[in-house]
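**Student:** Give me the fold of what follows.
(one chain, ligands or ions: 1)
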Amino acid sequence: MNRKEKVYNALGKLTQNILLKDLTENSDIGFDAETISAIAQVDRSNASRELNELAREGKAIKINGRPVKFLDRSHLEQIAKLDFENGYIFDTLNDFLKFFNTADTAEKEKIEKMSDPFDRIIGSRGSLALAIKQAKAAILYPPKGLHTLITGPTGVGKTTFAEMMYQYALYAGSIPNDAKLVIFNCSEYADNPQLILSQLFGHTKGAFTGAINEKAGLVEMSDRGILLLDEIHRLPPEAQEMLFLLMDKGIYRRLGETDKYRQATVLIIGATTENINSALLKTFLRRVPMTINLPSLEERPMEERMELIEEFLINEVNNVNVPVKVHKDVIRAFLQYNCTGNIGQLKGDIQLLCARGFLDYKTYGKKEIEININFLPEHVYTGLLNQEKSRNEIINLLRYEKDYYTFTPQDRENFLTVDNYDLSDNLYKEITDKYNHYFKIGYSGSSINEIISEDIEKYLKELMKKYNAEKELPVKEELFKIISPKVYNAAEMALTLAQQKLNRTFSTRAVIGLAMHISALIERISSGEIIYSEEINKIALNNPEEFRAAKLVREVLQQELEINIPKEEIGFLTMFLSTVDSDTSYKKIGVIVLAHGESTASSIANVANSLLGTDHCRAIDMPLDVKVEEILNKTIEKVKSIDEGKGVLLLVDMGSLIAFSEIITKKTNIPTKSIENISTPIVIEAVRKSLLPEMSLYTLVEDIKNANPYIGRMVSGEVINKADITEPKVILTTCISGKGAAVKIAQLLRNTLPFLDEYNVKIKPVDITEKVNQAGNKTLYEGTINDLIAVVGTVDLQLSGVPFIPIDELIIGDGIKKIEKSISGLNAGPYEKEEISGDSVFVKLLEGMLTFLDAKKAFKFVNDSYIMLVKMLGINDTRQLKTRYIFHNCCMIERLIQNDILPYSGIEKLIKEKRDIYEKVKYTLIDIEEAFGIKVPDTEIGYIMDIFDTQ
Ligand SMILES: Nc1ncnc2c1ncn2[C@@H]1O[C@H](COP(=O)(O)OP(=O)(O)OP(=O)(O)O)[C@@H](O)[C@H]1O
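**Tutor:** Next up, the predicted model:
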């Protein structure tokens, strides 16, 4: 690259961040030669010469003034659809802005009218603020944006959010006006990789049977735009590979093509309901630099929920074009009910409610739609019983309202183009058509009402099924009380691979079974106990395919869990793979749980059944006032009714019940056995094994008894008993600038310390600058000092009795361990094993802290500048100093990319006093500026100088 090209390049990079909005509102636009020279790494006077030359050539826009400023013409023309043909040198900034504002093109008007699309979604200043900040950074990140993964449970608004990202990209001019948003749901053809490949990337003629013509794929359609891959975790490995090639290199092939690659520039947004820890997301997390998590409805503040309810009601009013009156209690129920399907379900429920209201309005000839609580379906109605839920907030929200809220049609635009959840259009039309039909053939209003009500009911049931089918989470929560999530995820990953090898699908039950087996195994290994059985070996020999898959499973488990699994275990794993999920039409051993208490037995059985996806486990509850004979008789009846010929296992909570089995067998001739002192994990394991075809009652009892001490014991101590929860505790995080790094450290702690919520520990970043502004420590933290566990960061607040843990101790010392100990009394978890020397630790921790920067790249540049700076300043390189510098600067780069610049009062004075340090810091930042396309302003340099000043 010659000098002129370097300068032009730097000008392009800087101008790229300018939005249309800046041109109309901002009165200080353009870049001076000094800024451009720093980024181009060309000395100032040469840069100035080249810039003037570029302006003469018409490539740069020049705005005379003090200092003279420059802009890249092509970028401005692109975002503003302007033509600078007649002038690209302006005498003053005002002239430039005037020219810009009088240039009269239809396109410009349209764009000017646009406002930030994100402002239109509910929660943009509240619970979605962080997500939106991340999304904007992803869209604006030069040169082509960052591929992004949006996670969150069903119905939280992932698709909506992705569409907003697209609209924002148009608004910001980072994609051309005609660029498309193309949406593809990966779960639709998840079982047919060939079809997915062809849908996404296109195919050649004859690429597979039925491929009669050459066809372009969705990637081609979304070239220069955005491709949203919904349920991205369902993408088969073949398609993943091709997708990664596209993401990394911008190339792909149509299915059937072997000779050439095609090119496309596509920003990929993946959406998924999978938990971020899920093994299915691992490959994506490695490749996708930005992950945005959207909160569930439950996690959002009540005012936002209220806004959503009002928004959806107004939508409906506009759809039917009839005013709607809603009773206050209906609103209260919507605020309080348990809405597992999130915003999508809330919207659906409100739409159906309005449909019911509309039906009454139609059939009884009312003037307006009136909705009272008797319209509410049961699951919403029960919200009214949820009195305790956010009580004060709700009282405040509804306090000044009359009994009825009235909504009238409003003139407004719907901002979404895609919406899977919208029922309205058809619904009211369907109701009207049906009404007209029945009315014509002579039905009375009330009969029509009855008939159509039934239809709505059916509709509602379908909808509920959808949400319940996806309501997997609470069950998993139960499961994670018994099995560590780490073990579960490893099991899931191992079985996903075994699945591919065996060409078979495993159920969740299989994953749970394997995870439980591994938990027990880890305990056995640590106590040095290895079980070897001839019989198991035989099974392995007879099932060579499963044997091979079992070897793979062992390898994956060893790697993921960092343990050594003895070879002997392969036999077990083979047996597991050969027998799990097989046909269930054979005879099974019956299982009954007997436990004292009103519902102890039923709830244990329920957990086991729902986890294993069966109803095989039965329960007999024993309220304390019921006589033993009565229970015995009940048990005898149950044993008789469930025995399939293989006997029945009784799982009892107390030794006194152990005699039951003998009596029952005598009376019924049905073989029974008892196991005492049961717990939920033991019941799950017993039920799972009772379903295996080769299992006998005798072996089952032996297995459970042998495994008993290991089942359900937490291996890593990661899960704690909710009963241990104490008063809320707080950790404060701090940093030199009062922003940025403190927030990042908080994020790092949240990522590193599992189960903070369970221990009721809150992490609060503190704005140190407030201390300067308002004097005194009081404003920094409003709670009492007694609640504080520690202050963590780069600035010691010197609060007496509260330990301060400097950031470097988190990384190189045992800071994490200290915090963990003071929270829970537990020893540190997996963190303890972490390598604690060398630069890889920095990179690893930066990965946890940075939102979208590549940690390796950021570390490399910042570390280089640090080494240079320490040398130039002639000071000692200490770990503490290095850590502060690295973390502060990496966070700063992220902020600057997002145009988030910190002010520094008295910077001029500081520079004057310490000119030498200032120049050196500035000099060592040049590479960073170039590498990330940023300019580090003086105010930010002030903070970096402060880091050295404290030395
Ligand atoms: N912030 C919001 N403001 C207004 N409406 C919203 C908002 N977020 C989501 N919605 C609405 O909620 C419904 C569900 O949103 P969306 O389809 O985007 O969710 P999702 O997470 O993609 O769901 P799924 O997991 O089922 O694909 C849509 O009807 C959407 O219009």
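
**Student:** Can you give me the distance of residue 66 to the ligand?
**Tutor:** Distance of residue 66 to the ligand, computed by C-beta to the nearest ligand atom, to the nearest Å: 46 Å. Where C-beta positions appear, they are placed from N, C-alpha and C, glycine not excepted.

**Student:** isn't there a strand covering that residue?
**Tutor:** No - using DSSP: H, G, I helix; E, B strand; the rest coil, the assignment for residue 66 is coil, not a strand.

**Student:** got the phi/psi numbers for it?
**Tutor:** phi -120, psi 110 (degrees, to the nearest 10).

**Student:** what's the average pLDDT for stretch 326-342?
**Tutor:** Mean pLDDT, stretch 326-342: 89.

**Student:** chain center to that stretch, what's the gap?
**Tutor:** When distances are taken as C-alpha atoms, centre = their mean, to the nearest Å, stretch 326-342 is centred 25 Å away from the chain's centroid.

**Student:** try stretch 598-609
**Tutor:** Taking C-alpha atoms, centre = their mean, one finds stretch 598-609 lying 32 Å from the centre of the chain it belongs to.

**Student:** Quick one: low-confidence residue ranges for the stretch 551-700 of the chain.
**Tutor:** Flagging of the stretch 551-700 of the chain using pLDDT under 70 yields the residue ranges 579, 581-585, 610-611, 613, 655-656.

**Student:** again, 90 this time
**Tutor:** Applying pLDDT under 90 to the stretch 551-700 of the chain flags the ranges 551-552, 555-588, 595-616, 621-632, 644-645, 652-663, 666-667, 674-696, 698-700.

**Student:** show me where it has helices.
**Tutor:** Listed in chain order, the helices of the stretch 551-700 of the chain (DSSP state H, counting those that start in this stretch) span 569-579, 600-612, 628-642, 660-668, 680-690, 697-707.

**Student:** Which secondary structure elements does the fifth one sit against?
**Tutor:** Same thing as helix 680-690. helix 473-482, helix 508-526, strand 590-596, helix 600-612, strand 648-652, helix 697-707 (3 or more C-beta pairs under 8 Å, 6 or more residues apart in numbering; DSSP states H and E).

**Student:** again with the first one
**Tutor:** Packed against helix 569-579 by the contact rule (3+ C-beta pairs under 8 Å, 6+ apart) you find helix 508-526, helix 534-542, helix 544-561.

**Student:** Tell me which of the helices of the stretch 551-700 of the chain lies nearest to the ligand.
**Tutor:** The ligand lies closest to helix 600-612 among these, at 21.7 Å (C-beta to the nearest ligand atom).

**Student:** Off-centre distance for that closest one?
**Tutor:** Centroid displacement of helix 600-612 relative to its chain, using C-alpha atoms, centre = their mean, is 29 Å.

**Student:** Can you give me the buried ones in that helix?
**Tutor:** Counting neighbours by 16 or more other C-beta atoms under 10 Å, one finds that the buried residues in helix 600-612 are 600-609, 611-612.

**Student:** before we move on, the earlier item: in CSV, list the helices of the stretch 551-700 of the chain along with distance to residue 806.
**Tutor:** As requested, these are exported to CSV (distance: least, C-beta to C-beta, whole Å):
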stretch, distance to residue 806
helix 569-579, 44
helix 600-612, 44
helix 628-642, 62
helix 660-668, 62
helix 680-690, 42
helix 697-707, 46
